[in-house]
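Engineer: Model the following, please.
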Amino acid sequence: MKSSETVLLRNARIVLPDRLTEPSSILIDGDRIARVFDAGSGPSIKVESTVDLTGLTIFPGFIDIHIHGAMGVDTMEASPEGLLQIAEFLASQGVTAWLPTFVPASVEQYEHAIRSIEQAVAQTSVCDDARDHRLKSVPLGVHYEGPFVNSEQCGALHREHFRTFRSVTDLDDLPTVNSPGAIHMMTLAPEVDGGIDLIKELNRRRWITSIGHTRAPLATLDQAGKAGARHMTHFMNAMTPLHHRAPGPVGWGLLNDEVTVDMIADGVHLDPAILKLIVRAKSADRISLISDAIAGAGKGDGDYEIWGEKIVVKDRRTQNARGSIAGSVITILDAVRLMLSLMVAETEVARMAATNPARLLGLTDRGSIEVGKRADLVALDANLNVKATIVGGALSRY
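Structural biologist: The predicted structure follows:
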């Protein structure tokens, strides 16, 4: 199905922003949602294609704002073709947009990776591509995880590439994606030298700032919030834990309603009971699901050479030579499955997997099933397997 068509998706359960409808239909005109209506009624215009999705549930397409790789491909080392391989895999998992994520590295490595992203963005098309009709998730820009982070909370990141912020030239060293509408995000620790000034400069440049890999005290976090950093990366991971006499980043994130967080819902990084606690404390409106996936995602257990070291994947858990968890091997689909198994409502999970990431990235044209929004959708069966993904109105069945 090409994205230039007028298409009717019929007889599906549909996860709208505020409710679940069943059975209902969605009319897609080109790359946009034109109408949502009860299955018993029909569109007033002639449609070119009708797709019966009886028994399936349509969610807004998932958006992954923190992913390092998949299918044996790492975003730092990938060719444009490698990034498109990731994008194709993600589409098959219901992820319709993603933000390639970097670990701290040399400027030369960053420059290579940015060039690959630019070429992949240029090659990613869902509109009448006669050479390749395989659906691909849309790369949105770049997420720098570091290098301005705390060396005492490095996690799986390599300290030798960590930096402090002395002047704007330290930021100028980081290449940017020169593609229309490219999004730039950075995870940083506000307590590093110059951290608050860095947040101000990033905001001036219209970057999205997120707090992570941090040991910052409350006073510094308050300064960071005032400077414009009001999101937190893989909440509770790679930050000092909550203590009854030292609330730290976790206490700050839980206390402040204006702060949003993202979390890795794989059952490894956070215990399922903690996932439920975060949802109860923050509400579904302030949480985004991320994968933090590494190149082993989609490949299964084994040994992988990633970021210059061996990372072992066993029973869906990652571990580097230092014994640290080194990212995950899940997709957002896996996170959605886990959150639904914890009895979180489908409308709330849709917010965490699509609406909230879109809002964080400033994408007003997607993230929910509403008239006028991009037709980025995923249809799941009763076992939460992807049966169809729609990216910009183009559909693939699985």
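Engineer: Can you show me the strands along the stretch 101-250 of the chain?
Structural biologist: 138-139, 141-145, 183-188, 208-211, 231-232 (DSSP state E, counting those that start in this stretch).
Engineer: Could you dump those strands into CSV with mean pLDDT and distance to His244 added?
Structural biologist: (Each C-beta comes from the backbone N, C-alpha and C, glycine too.) Listed next are the strands of the stretch 101-250 of the chain as CSV, based on pLDDT from 0 to 100; distance: least, Cβ to Cβ, whole Å:
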stretch, mean pLDDT, distance to His244
strand 138-139, 96, 43
strand 141-145, 98, 30
strand 183-188, 98, 27
strand 208-211, 98, 22
strand 231-232, 98, 20
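Engineer: For Asn383, which of the ones you listed is the nearest?
Structural biologist: strand 138-139 (26.6 Å; Cβ to Cβ).
Engineer: which neighbours does that closest one have in its sheet, and in what orientation?
Structural biologist: Sheet pairing of strand 138-139 (DSSP bridges) gives strand 95-102 (parallel).
Engineer: what pLDDT, on average, does the partner strand get?
Structural biologist: Strand 95-102 comes out with an average pLDDT of 98.
Engineer: And it, what's buried?
Structural biologist: Judged by neighbour count using 16 or more other Cβ atoms under 10 Å, the buried positions of strand 95-102 are Val95, Thr96, Ala97, Trp98, Leu99, Pro100, Thr101, Phe102.
Engineer: Can you give the domain ranges for the protein?
Structural biologist: Split into domains by automatic domain parsing, the chain comes to 1-59+368-398, 62-365.
Engineer: Can you say which of those domains is packed in most?
Structural biologist: Ranked by mean neighbour count, the domains of the chain are led by domain 62-365 with a mean of 20 (mean count of other Cβ atoms under 10 Å).
Engineer: end-to-end on that one?
Structural biologist: Taking Cα to Cα, to the nearest Å, domain 62-365 runs 14 Å from one end to the other.
Engineer: do the same with stretch 149-157
Structural biologist: 9 Å.
Engineer: same deal with stretch 172-189?
Structural biologist: Length of stretch 172-189, first residue to last, Cα to Cα: 18 Å.
Engineer: Any idea how far that stretch is from the middle of the chain?
Structural biologist: Mean C-alpha position of stretch 172-189 versus that of the full chain (Cα atoms, centre = their mean, to the nearest Å) differs by 15 Å.
Engineer: Run the chain-centre distance for stretch 300-310.
Structural biologist: Counting by Cα atoms, centre = their mean, stretch 300-310 comes out at 22 Å from the chain centroid.
Engineer: now swap in stretch 192-202 and tell me
Structural biologist: Counting by Cα atoms, centre = their mean, stretch 192-202 comes out at 24 Å from the chain centroid.
Engineer: Put the alpha carbons of that stretch into CSV.
Structural biologist: The C-alpha coordinates for stretch 192-202 follow below in CSV (Å, rounded to 0.1, in the frame of the first residue of the first chain):
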residue,chain,number,x,y,z
VAL,A,192,29.7,18.6,35.8
ASP,A,193,31.8,21.8,35.5
GLY,A,194,29.8,24.2,33.4
GLY,A,195,26.7,22.0,33.4
ILE,A,196,24.1,24.7,34.0
ASP,A,197,25.6,27.0,31.4
LEU,A,198,25.6,24.0,29.0
ILE,A,199,21.8,23.5,29.5
LYS,A,200,21.2,27.2,28.8
GLU,A,201,23.3,27.0,25.6
LEU,A,202,21.6,23.8,24.4
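Engineer: what's the distance between the nearest residue to Phe165 once chain neighbours are set aside and Thr176?
Structural biologist: Spatial nearest neighbour of Phe165, excluding adjacent residues (Cβ to Cβ, 6 or more residues apart in numbering): Gly194 at 3.3 Å. The spacing between Gly194 and Thr176, counted by Cβ to Cβ, to the nearest Å, is 20 Å.
Engineer: picking that back up, with distance to Val349 as extra columns, can I get the buried residues of strand 95-102 in JSON lines?
Structural biologist: Shown next, in JSON lines, are the buried residues of strand 95-102 (distance: Cβ to Cβ, whole Å):
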{"residue": "Val95", "distance to Val349": "14"}
{"residue": "Thr96", "distance to Val349": "16"}
{"residue": "Ala97", "distance to Val349": "17"}
{"residue": "Trp98", "distance to Val349": "18"}
{"residue": "Leu99", "distance to Val349": "20"}
{"residue": "Pro100", "distance to Val349": "24"}
{"residue": "Thr101", "distance to Val349": "22"}
{"residue": "Phe102", "distance to Val349": "28"}
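Engineer: Among those residues, which one lies nearest to Ala246?
Structural biologist: Thr101 (29.2 Å).
Engineer: Show the contacting residues for the closest one.
Structural biologist: Each residue near Thr101 by Cβ atoms under 8 Å, 6 or more residues apart in numbering is listed here: His66, Ile67, His68, Thr75, Val142, His143, Tyr144, Glu145, Asp292.
Engineer: wait, what's in contact with Cys110?
Structural biologist: Let me fix one detail, which is that residue 110 is Tyr and not Cys. Tyr110 is in contact with Phe102, Leu174, Pro175, counting by Cβ under 8 Å, 6+ apart.
Engineer: Could you check the pLDDT of the last one?
Structural biologist: Meaning Pro175. Confidence at Pro175, expressed as pLDDT, is 97.
Engineer: hang on, the earlier thing: closest one of the contacts of Tyr110 to His184?
Structural biologist: Checking those one by one against His184 (Cβ to Cβ), the nearest turns out to be Leu174, at 8.9 Å.
Engineer: Quick check: that closest one vs Thr75, distance?
Structural biologist: Separation of Leu174 from Thr75 (Cβ to Cβ): 15 Å.
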